[in-house]
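*Asks:* okay, predicted coordinates and the sequence, questions at the end:
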Number of protein chains: 2
Amino acid sequence: MLGRLNHVAIAVPDLAAATATYRDTLGAKVSQPQALAEHGVTVVFVDLGNTKVELLEPLGETSPIAGFLAKNPSGGMHHICYEVDDIIAARDRLAGEGARVLGDGEPKTGAHGKPVLFLHPKDFVGTLVELEQA
Amino acid sequence: MLGRLNHVAIAVPDLAAATATYRDTLGAKVSQPQALAEHGVTVVFVDLGNTKVELLEPLGETSPIAGFLAKNPSGGMHHICYEVDDIIAARDRLAGEGARVLGDGEPKTGAHGKPVLFLHPKDFVGTLVELEQA
């Protein structure tokens, strides 16, 4: 079922500083920042050739990464996103295995315009997992 | 400078259980466990096609991931490994930018038999970064 690693998301308190770290210190190829108001984040994509890192800064009053940054003020790895061919089939398989899908269990449209679901970290060795229909 | 994402390492308290989660619940292709005594971990590789996840369980009394698991008993993302062409050139560039290389600053032989260095999380938006000469 599990496909490619789509991205690793790193929550950061200061997107400009984090982008400079990846671009200038590490010499990586980074995108322009994109404000995704409906997701409560501004994102910069770091192109690694085989996959990407997404640097996420909170946007708005109810950003889903605000709580994480309150606990991790320097930033840190927030979630990992795996691709699946069929997100409904993936969800039903996971539910059948007893894994918890976050929210109402229905896919949302993710930052790349594709259907996504998030899975409970406690069911996935302490890691928040996003599934994206590739 | 920065090349491909070589792997994301997830520290886990119970490698057999974590492997079962990835293999049976998520349907991923996983390796047999490999004990790496000199690194203080037992590792299972999760093959994602474009890159891999490494599930790490402490091995021995002085495992480098023991402290992380004491703080994160369910497990969690421990570090991210990027490839570089020339690890000495990378180190010297990073040192010139003021970034801290962990240990004595000399590359060690990593879990894949290649030279690696670790970089201070506080200089890389809260994320422990491994560089591996590809």
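*Replies:* Cool, got the structure. Source: prediction; values computed, not measured.
*Asks:* partner strands of the worst-scoring helix or strand of chain A on mean pLDDT, with direction?
*Replies:* The helix or strand of chain A with the lowest confidence, counting by mean pLDDT, DSSP states H and E, is strand A:108-109 at a mean of 92. With DSSP bridges as the test, strand A:108-109 is paired with strand A:115-119 (antiparallel).
*Asks:* other residues contacting the partner strand?
*Replies:* A:79, A:81, A:87, A:90-91, A:94, A:99-103, A:105, A:107-110, A:128-133 (CB atoms under 8 Å, 6 or more residues apart in numbering or on different chains). No exception for glycine: its C-beta is placed from N, CA and C like everyone else's.
*Asks:* list buried residues within these.
*Replies:* Buried residues within the contacts of strand A:115-119, counting neighbours by 16 or more other CB atoms under 10 Å in any protein chain shown: A:79, A:81, A:87, A:90-91, A:94, A:99, A:101, A:107, A:110, A:128-133.
*Asks:* A:Lys122 - that's part of a helix, no?
*Replies:* Yes - with DSSP: H, G, I helix; E, B strand; the rest coil as the criterion, A:Lys122 is part of a helix.
*Asks:* tell me the spacing between it and B:Ala17.
*Replies:* Using CB to CB, to the nearest Å, A:Lys122 is found at 12 Å from B:Ala17.
*Asks:* now for A:Asp47, how many residues are close by?
*Replies:* The number of residues packed near A:Asp47 is 13, by other CB atoms under 10 Å in any protein chain shown.
*Asks:* what's the nearest residue to it if we skip its chain neighbours?
*Replies:* Leaving aside its chain neighbours, A:Asp47 sits nearest to A:Lys29 (4.4 Å; criterion: CB to CB, 6 or more residues apart in numbering or on different chains).
*Asks:* just to check, the one you found is in contact with A:Val44?
*Replies:* No - counting by CB atoms under 8 Å, A:Val44 is not a contact partner of A:Lys29; they are 10.8 Å apart.
*Asks:* what's the single longest helix in chain A?
*Replies:* helix A:87-96 (DSSP state H).
*Asks:* that one versus strand A:115-119: what angle between them?
*Replies:* In terms of direction (axes from the mean of the first three to the mean of the last three CA atoms, to 10 degrees), helix A:87-96 departs from strand A:115-119 by 20 degrees.
*Asks:* so for helix A:87-96, what's the average pLDDT?
*Replies:* The pLDDT scores in helix A:87-96 average 95.
*Asks:* please name the nearest non-neighbouring residue to A:Gly3.
*Replies:* Closest residue in space to A:Gly3, ignoring its immediate chain neighbours: A:Glu83 at 3.7 Å, by CB to CB, 6+ apart.
*Asks:* list the residues that contact the one you found.
*Replies:* Contacts for A:Glu83 (CB under 8 Å, 6+ apart) come out as A:2-6, A:131-134.
*Asks:* need those residues in TSV (columns: pLDDT).
*Replies:* Formatted as TSV, these follow (pLDDT from 0 to 100):
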residue	pLDDT
A:Leu2	93
A:Gly3	96
A:Arg4	98
A:Leu5	98
A:Asn6	97
A:Leu131	97
A:Glu132	97
A:Gln133	97
A:Ala134	90
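*Asks:* can you pick out the most distant pair from those?
*Replies:* A:Leu5 and A:Gln133 (14.8 Å; CB to CB).
*Asks:* tell me which element the nearest residue to A:Met1 once chain neighbours are set aside falls in.
*Replies:* Among residues not flanking A:Met1 along the chain, B:Gly27 sits closest, at 3.1 Å (CB to CB, 6+ apart). Taking DSSP states H and E as the definition, one finds B:Gly27 inside no helix or strand.
*Asks:* I'd like to know how many residues surround the residue nearest to A:Ala89 when sequence neighbours are not counted.
*Replies:* Distance criterion CB to CB, 6+ apart; nearest residue to A:Ala89, sequence neighbours excluded, is A:Met1 at 7.9 Å. By other CB under 10 Å, the residues close to A:Met1 number 15.
*Asks:* how about A:Lys71?
*Replies:* Neighbour tally, A:Lys71, other CB under 10 Å: 7.
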